[in-house]
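Okay, here's the prediction I keep looking at, along with the sequence it came from:
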Amino acid sequence: MTQDEMKKAAAWAALKYVEHDSIVGVGTGSTVNHFIDALATMKADIEGAVSSSEESTQKMKALGIPVFDLNSVNELSLYVDGADEINASMHMIKGGGAALTREKIVAAVADKFICIIDSSKQVDILGEFPLPVEVIPMARSYVGRELVKLGGDPVYREGVITDNGNIILDVYNMKIMQAKVLEKQINAIVGVVTNGLFAHRAADVLLVGKEAGVETITD
Ligand SMILES: O=C[C@H](O)[C@H](O)[C@H](O)COP(=O)(O)O
């Protein structure tokens, strides 16, 4: 099985959590793209989706899945998204595709977060994958200096502007032992919109695509 086939297997396994007539929170990325393909097969059975990025919105609209503004939705039973890394506490690093802020917002509203990954994303310690931080452009240098004080090596992601008009700093060389603490510390830096640690809003169910099939892990 290729890595993409493992992503696809995990993504299709998430379909069974989708409730009849519901509005589904949809993440962003190559794994979620498989989920959107899967969701399209039951579009007549759901009300629609709330999207976490322009990329996912375009794909869903092209497949005929109605996309709702989050402000018009009172509750979401489900949010389905991938991750760049996830540990045994279901804490994640996300934002490899620069969609972290909208993902965090939609995930915050949802009752249940289903994380879909291939097995390469499971780690013992978070931080091998550089931690994305969305930053207001004029604060880039200041936030960079503050991130160095926290022990990281921030690198400006050249040529990337988020859906919210901001920039991304990727923080290298962080061995993240206390994800909740670090998530808060980084978010407290003025000029940071949010960071890609999802520890306060961790995953509830993890679906891992593996050679042998899809493993389900619950918190
Ligand atoms: O900004 C992007 C998201 O956080 C993605 O969920 C994450 O990067 C995983 O993406 P992929 O499924 O492409 O590995």
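Thanks, I have it.

going forward, measure contacts and count neighbours with C-alpha atoms only.
Will do.

Just give me the longest strand of the chain.
strand 110-118 (DSSP state E).

Which strands or helices does the following helix or strand past that strand pack on?
Of the helices and strands lying after strand 110-118 in sequence (DSSP states H and E), the nearest is strand 131-135. Judged by 3 or more C-alpha pairs under 8 Å, 6 or more residues apart in numbering; DSSP states H and E, strand 131-135 is in contact with helix 100-109, strand 167-172, strand 192-195.

at 10 Å instead, please
Strand 131-135 sits against helix 100-109, helix 140-149, strand 153-156, strand 167-172, helix 179-187, strand 192-195, strand 197-198, with contacts defined as 3 or more C-alpha pairs under 10 Å, 6 or more residues apart in numbering; DSSP states H and E.

Touching the last one from outside, list them.
Right, the one you point to is strand 197-198. Residues from elsewhere that reach strand 197-198 (C-alpha atoms under 10 Å, 6 or more residues apart in numbering): 83, 85-86, 90-95, 100, 103-104, 107, 126-127, 131-133, 176, 179-180, 182-184, 186-187.

That strand near the ligand anywhere?
No - judged by C-alpha under 6 Å from any ligand atom, strand 197-198 stays clear of the ligand, getting no closer than 9.7 Å.

Nearest spatial neighbour of residue 67, chain-adjacent residues omitted?
residue 49 (4.9 Å; C-alpha to C-alpha, 6 or more residues apart in numbering).

what about that neighbour, neighbour count?
Residues lying near residue 49 (other C-alpha atoms under 10 Å) number 27.

Same check on the one 10 residues further on?
Burial of residue 59 is recorded as 14 neighbouring residues (other C-alpha under 10 Å).

show me what contacts it?
Counted by C-alpha under 10 Å, 6+ apart, residue 59 has contacts 33, 36, 37, 65.

tell me the angle the helix or strand harbouring it makes with helix 100-109.
Assigned by DSSP H and E, residue 59 belongs to helix 54-62. Helix 54-62 and helix 100-109 are oriented at 70 degrees to each other (axes from the mean of the first three to the mean of the last three C-alpha atoms, to 10 degrees).

Given the next helix or strand after helix 54-62, what are its sheet partners and their directions?
Remark: after helix 54-62, the chain's next helix or strand is strand 67-68, criterion DSSP H and E. Paired neighbours of strand 67-68 in the sheet (DSSP bridges): strand 48-51 (parallel).

returning to that earlier point: out of the contacts of residue 59, give me the one that has the most neighbours.
That'd be residue 36 among those, by other C-alpha under 10 Å, with 26 neighbours.

isn't that residue right next to residue 18, touching?
No - Residue 36 is beyond contact range of residue 18, at 12.0 Å (criterion: C-alpha atoms under 10 Å).

Quick check: neighbours shared by the two?
residue 80.

so residue 129 sits right up against residue 122, yeah?
No - contact between residue 129 and residue 122 fails when scored by C-alpha under 10 Å: they sit 11.2 Å apart.

overlap in contacts of those two?
Listed as contacting both residue 129 and residue 122 by C-alpha under 10 Å, 6+ apart are 84, 85.

Distance of residue 164 relative to the ligand?
For residue 164, the distance to the ligand (C-alpha to the nearest ligand atom, to the nearest Å) stands at 13 Å.

quick one on the thing from earlier: now the helices and strands packed on strand 131-135 as a markdown table including mean neighbour count and mean pLDDT?
Putting the helices and strands packed on strand 131-135 into a markdown table (neighbours: other C-alpha atoms under 10 Å; pLDDT from 0 to 100) gives the following:
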| stretch | mean neighbour count | mean pLDDT |
| --- | --- | --- |
| helix 100-109 | 21 | 98 |
| helix 140-149 | 16 | 98 |
| strand 153-156 | 18 | 98 |
| strand 167-172 | 24 | 98 |
| helix 179-187 | 16 | 98 |
| strand 192-195 | 22 | 98 |
| strand 197-198 | 26 | 98 |
